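Trainee: Below are the sequence and a predicted model for it; my questions follow.
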Amino acid sequence: MFAFMYDLQDWSLFLVCICIVGLTAFAAALFMAAVRLAWPNRQKTSMVNTMLSGILLPTGLVIAFVASDVWQQETRGRTAVEQEAIAVADVLRTAQHLPAELRDQVVGLTNDYIRDVVESEWPLMARGGSSAKAESLLDALEQTSVQVDVQAREAGADRVGMAQAAKDLRRYAQQVESARNQRLLVATSRVMPTKWAAVMVLLFVAACVIYELHATQRRPLVLSMALFSLGFGATLYLIASYDRPFTGATIIEPESMTLMQMRG
C-alpha cells in the first residue's frame with residue numbers, strides 16, 4: 001500500500017481502504033460499460049451467477065494468505081519485544097551478583113541500552129532503521145560479560161559464584177541481541193507490492209463480474225458495488241493496519257522495555 005497510509009489514524013485508514021476498493025469498483029464499472037459499447041450483447045445472453053462465486057473464491061483465498069502472513073509477522077514482533085525485555089531483566093538481575101565495580105558497569109550499559117532503544121531506535125524502526133548507539137552499547141555489554149568471565153577464571157575456586165554469574169550474563173546478553181535482531185527484521189517486513197497488485201486485480205475482476213450481472217438494474221448494481229467496497233475495504237484495512245508492526249496507529253509499543261527503564 002501507499003506509505004502515507006501508515007501515518008493515518010485508524011478511522012482515516014479505514015475510510016481510505018474503503019475508498020480504494022470503491023475506486024477500483026468504479027473503474028471496473030467504467031471498463032465494463034466501455035466493453036458493452038464496443039462489443040454489444042446482441043444475443044441478449046447473460047453471465048451465470050456462479051461466475052461471481054468462482055472469482056470471489058480465489059480472491060478470498062489470496063487475501064487470507066496475505067492476511068495470515070501479516071498477522072504472523074505482527075505476532076513475531078510482539079514476541080521479540082517481550083523476549084528482549086525478559087533478557088534485559090535477567091541481565092539486571094544477574095548483575096547484582098557481581099562485584100560493585102562490574103555491577104555498576106553492567107547496570108549502566110543496560111540502562112543506557114534500554115533508554116536508547118525506547119527513545120531513539122523505536123522511532124527509527126518506523127522507517128526500517130536502527131540505532132547505531134544501541135548496537136554499540138550491546139557490543140559493550142557483551143564485551144563486559146567476557147571481562148567478567150576472565151576475572152572469574154583468574155579468581156579460580158574463590159569465585160565460583162562469580163563464574164556462574166559471568167556465564168549467565170553472557171547468555172542473557174546474547175539473548176538480548178537475538179531478540180533485538182528479530183525485532184529489527186520484523187520492522188522491515190511488509191506486504192510485497194506484487195501481492196497487493198494481485199489482490200487489487202482480483203478485486204477489479206470481481207467488480208467487473210458484479211457490473212455485468214446487474215448492468216441493466218441500477219439499484220441492485222449500486223447496492224452490490226457499495227457492499228462490495230465496504231466489505232473488502234474493511235478486509236484491506238485489517239491487512240494494512242498490521243502490515244508494518246512498528247509503524248502507524250497500530251504500532252507495537254515498547255511497553256515492556258519502558259517498564260525496565262522505569263525499574264532501572
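Mentor: Thanks, I have it. Numbering: from 1, shown residues only.
Trainee: okay, CA-based contacts and neighbour counts for the rest of this
Mentor: Fine.
Trainee: How far does the longest helix along the chain sit from its chain's centre?
Mentor: Scanning the chain for the longest helix, with DSSP state H as the assignment, gives helix 50-95. Relative to its parent chain, helix 50-95 has a centroid offset of 7 Å by CA atoms, centre = their mean, to the nearest Å.
Trainee: For it, name the packing helices and strands.
Mentor: The contact analysis (3 or more CA pairs under 8 Å, 6 or more residues apart in numbering; DSSP states H and E) places helix 50-95 against helix 100-116, helix 160-187, helix 193-214, helix 218-241, helix 255-263.
Trainee: Output the ones you listed in JSON lines; the columns should cover mean neighbour count and mean pLDDT.
Mentor: Below are these laid out as JSON lines (neighbours: other CA atoms under 10 Å; pLDDT from 0 to 100):
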{"stretch": "helix 100-116", "mean neighbour count": "18", "mean pLDDT": "91"}
{"stretch": "helix 160-187", "mean neighbour count": "20", "mean pLDDT": "89"}
{"stretch": "helix 193-214", "mean neighbour count": "19", "mean pLDDT": "93"}
{"stretch": "helix 218-241", "mean neighbour count": "18", "mean pLDDT": "93"}
{"stretch": "helix 255-263", "mean neighbour count": "15", "mean pLDDT": "76"}
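Trainee: just the angle between the longest helix of the chain and helix 218-241, please?
Mentor: If you take axes from the mean of the first three to the mean of the last three CA atoms, to 10 degrees, helix 50-95 sits at 20 degrees to helix 218-241.
Trainee: that older thread, looking at the helices and strands packed on helix 50-95, which is closest to Leu61?
Mentor: Evaluated with CA to CA, the helices and strands packed on helix 50-95 place helix 193-214 nearest to Leu61, the distance being 9.9 Å.
Trainee: so can I have a markdown table of the helices and strands packed on helix 50-95 showing distance to Gly248?
Mentor: Output for the helices and strands packed on helix 50-95, formatted as a markdown table (distance: least, CA to CA, whole Å):
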| stretch | distance to Gly248 |
| --- | --- |
| helix 100-116 | 20 |
| helix 160-187 | 12 |
| helix 193-214 | 19 |
| helix 218-241 | 7 |
| helix 255-263 | 16 |
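Trainee: Can you say which of those is nearest to Asp10?
Mentor: helix 218-241 (7.7 Å).
Trainee: okay, and for the stretch 1-150 of the chain, where does confidence drop off?
Mentor: Within the stretch 1-150 of the chain, the stretches with pLDDT under 70 are 1-3, 42-49.
Trainee: ok, back up a step: out of the helices and strands packed on helix 50-95, which is closest to Arg76?
Mentor: Across the helices and strands packed on helix 50-95, closest to Arg76 is helix 160-187 (CA to CA), at 7.1 Å.
Trainee: Quick one: work out the angle between the closest one and helix 100-116.
Mentor: Using the same axes, to 10 degrees: helix 160-187 against helix 100-116 is 10 degrees.
Trainee: Figure out how far helix 160-187 is from the centre of its chain.
Mentor: Distance, centroid of helix 160-187 to centroid of chain: 24 Å (CA atoms, centre = their mean).
Trainee: wait, isn't Ile239 in contact with Asp69?
Mentor: No. Ile239 is not in contact with Asp69 according to CA atoms under 8 Å; the separation is 9.4 Å.
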